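[1] turn this into a structure:
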Amino acid sequence: MIKRNYYIEILKKYIDMPLVKILAGIRRCGKSTILEMLKEELLKNGVKQENIIHISYTSLEKIEISTAKKMFDEINSLLKNKNKYYILLDELQEIKGWEKVVNTLLEQKNVDIYITGSNSKLMSSEISTYLTGRYVTIPVYTLSFKEFLDFKKDSKLTKKELFNQYIRLGGFPLIAQGDYTEQVAYTIVEDIYNSVILNDISKKHSIQNIDMFERVVKFVIENVGKTFSANTILNFFKSENRKISIEAIYNYLEWLEKAFIVYRCSRYDLQGKSILKTQEKFFIADSSIKYCKVGYNPTSVASMLENIVFFELKRRGYDVFIGKNQEKEIDFVASKRDEKIYVQVCKEMPKNSDREIKNLLDIKDTYPKYILTLDDFAVGNIQGVKIKNIIDFLVE
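    Have a look, this model is predicted:
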């Protein structure tokens, strides 16, 4: 089991705090393994095995027989003394009313609770009702490139060759720990994708027109890294003489977000210092999802680089926006507390790179400004704009 220390370090900060820790992310991104790692950490820190309750709700048998009452009775029967118990519950979103169980345990017992889940049932209004101010959500993403290198530490490929593999095959841990052909890898990813689309979204929301829903999903996947709106999608389908309501498009986008297939990136007006609600970008949970659905195309690499940088900034704890500076666009404005950085992403430095640099220099503040590129010959510092290799940035 390869350690994902990033998440363990986050969880260690919350151990014994009176908060429910919710690990949330797309299916098969490694949440269950992180719980296993947390269990090892607790044992290492002196917690006795009998004081760790680890239950998985992934099996069909477990889901079919479990109700909130049975869930509570099972966990309560394992709390045999007044010692502190650490409760690890994996993929419990299928248990209706789990929020009440967790809230009751939190109020009545000496427990520290950690849960995982893969869809919007973990983000439902019931959480706010029963756990207000008593939970923290920790987003779990597929592997960063740095983690991918850990999984490939025995590979004879160069870092650059591994990065090319990372772009094409993505960062699902199951794929990274194996030695799959592209075809087999995409078959596995397609299964993950279908389980989310069919189980987590279509069934839950009783979508009648599955074909139209999948066409909307495909549009979003094909336009990763491009600004568009629900109206853009509506007009696209009108041009194909297909009928769909704007309400349906809004719902589909929201459901895709809540299932962690896509992540919304809003625009930020640097002049007015306000978040804009039009012409957003959507980034996809893993590059392999795009390639398994629409095929690999070298011309798509630039948008996938932007996709990878977006998630790297999210992992580093930034709130990430697209920057709008009058008529100019900055790929990312990333901020946290009193820190801010501006980032442009490009596969190669264009011949008119002065424009890329000028867009950043036109921002009249002293926060760091970066251009991230695969162009090895372009790295350096021009008028305070740092030009870095993307790979170097990702492994910092």
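
[2] okay, the closest residue to Ser300 other than its chain neighbours: pLDDT?
    Nearest residue to Ser300 in three dimensions, chain neighbours excluded: Lys290, at 7.1 Å (C-beta to C-beta, 6 or more residues apart in numbering). Using the backbone N, CA and C atoms, a C-beta is placed for each residue, glycine as well. The model reports Lys290 with a pLDDT of 96.

[3] measure Lys290 to Asp269 for me?
    Relative to Asp269, Lys290 is positioned 29 Å away (C-beta to C-beta, to the nearest Å).

[4] and what of Tyr186?
    Relative to Asp269, and taking C-beta to C-beta, Tyr186 is found at 39 Å.

[5] these two: which is more packed in?
    Tyr186 (23 against 14; other C-beta atoms under 10 Å).

[6] how about that one, what does it touch?
    If a contact means C-beta atoms under 8 Å, 6 or more residues apart in numbering, then Tyr186 has Ser288, Tyr291, Cys292 as its contacts.

[7] most neighbours among those, please name it.
    In these, the most neighbours by other C-beta under 10 Å go to Ser288, 27 neighbours.

[8] center of the chain - which residue?
    Tyr141 (3.9 Å; C-alpha atoms, centre = their mean).

[9] correct me, but that residue touches Ile34?
    No. Between Tyr141 and Ile34 there is no contact, the gap being 11.4 Å when judged by C-beta atoms under 8 Å.

[10] for Trp255, see how far away Ile275 is.
    Plainly put, Ile275 is 22 Å away from Trp255 if you go by C-beta to C-beta.

[11] more neighbours: those two, which one.
    Using other C-beta under 10 Å as the criterion, Ile275 and Trp255 rank with Trp255 on top: 22 against 12.

[12] which SSE is that one in?
    Per DSSP states H and E: Trp255 is located in helix 246-258.

[13] following element in sequence after that helix, please.
    Once the chain leaves helix 246-258, the next helix or strand it forms, by DSSP H and E, is strand 262-269.

[14] so for the next helix or strand after that following strand, mean pLDDT?
    Sequence-wise, the next helix or strand downstream of strand 262-269 (DSSP H and E) is strand 274-284. Average pLDDT, strand 274-284: 87.

[15] mind listing the strands for the stretch 101-250 of the chain?
    For the stretch 101-250 of the chain, the strands defined by DSSP state E, counting those that start in this stretch cover 111-117, 135-139.

[16] please identify the most buried of those.
    Neighbour counts (mean count of other C-beta atoms under 10 Å) averaged over each of the strands of the stretch 101-250 of the chain peak at strand 111-117, with a mean of 23.

[17] run through who's touching stretch 43-54.
    Residues contacting stretch 43-54 (C-beta under 8 Å, 6+ apart): 15, 35, 39, 42, 75, 78-80, 83-88, 90.

[18] stretch 248-259 now?
    Residues outside stretch 248-259 that contact it (C-beta under 8 Å, 6+ apart) are 26, 118-120, 123, 196, 200-201, 204-205, 212-213, 216-217, 220, 230, 233-234, 262-264, 282.

[19] what subset of those is buried?
    Neighbour-count burial (16 or more other C-beta atoms under 10 Å) is assigned, among those, to 26, 118-120, 123, 196, 200-201, 212-213, 216-217, 220, 230, 233-234, 262-263, 282.

[20] what are the structural domain limits within this protein?
    5-139, 196-394 (automatic domain parsing).

[21] any idea which of these gets closest to Gln177?
    Closest of the domains of the chain to Gln177 is domain 5-139, at 10.1 Å (criterion: C-beta to C-beta).

[22] restricted to helices, list the buried ones among the contacts of stretch 248-259.
    In this view, the buried ones among the contacts of stretch 248-259 that belong to helices under DSSP state H are Met212, Phe213, Val216, Val217, Val220, Ala230, Ile233, Leu234.

[23] contacting residues around the first one?
    Met212 makes contact with Arg242, Ile244, Ala248 under the criterion C-beta under 8 Å, 6+ apart.
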